[in-house]
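Visitor: just the structure for this:
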Amino acid sequence: MEERDLGSLKEAHIPPGGRLGWGHKGLYDTINKLIHFQLGLALTSLGVITSLVAQQMYSLPAYAFIAQDFTTQAVLYTHHQYIAGFIMAGAFAHGAIFFIRDYNPEQNVIV
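Guide: Okay, the predicted model is just below:
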């Protein structure tokens, strides 16, 4: 079997009309070369995970004494939601920095 790279496979599978996928032409380079884009994605993921941890700790407490102490439960939930909010603010900030400073519309052509 002949060995191929992803670029040759992509070119071999051109759909009828040949226009499908043109909007994502420069996406690989955008994601892999621009640090603010990567940091924004990582912070977004971490913020969502932290928010899910807060919800799970509130609805399914891991320790029996936390289930009995509603104040502690509410404080832990609020604490983790605040952390998630600050992380998401950082994600939005780095996303904005990416769009203002690093984004190149000519590289990411949408046809």
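Visitor: which neighbouring elements make contact with the helix ranked longest in the chain?
Guide: In the chain, with assignment by DSSP state H, the single longest helix is helix 70-97. Using 3 or more Cβ pairs under 8 Å, 6 or more residues apart in numbering; DSSP states H and E, the elements in contact with helix 70-97 are helix 35-59, helix 64-68. In short, each C-beta sits where N, CA and C put it, glycine included.
Visitor: center of this protein, which residue is that?
Guide: When the chain is reduced to its mean C-alpha position, the closest residue under Cα atoms, centre = their mean turns out to be Leu41, at 3.4 Å.
Visitor: which ones are touching that one?
Guide: Residues touching Leu41, when contacts are defined by Cβ atoms under 8 Å, 6 or more residues apart in numbering, comprise 31, 91.
Visitor: ok, 10 Å please
Guide: For Leu41, the contacting residues are 31, 91, 94-95, 98, taking Cβ atoms under 10 Å, 6 or more residues apart in numbering as the criterion.
Visitor: Thr50 touches Tyr77, doesn't it?
Guide: No: between Thr50 and Tyr77 no contact is recorded; they are 11.5 Å apart, counting by Cβ atoms under 10 Å.
Visitor: what's around Ala54, how many residues?
Guide: Ala54: 19 surrounding residues under other Cβ atoms under 10 Å.
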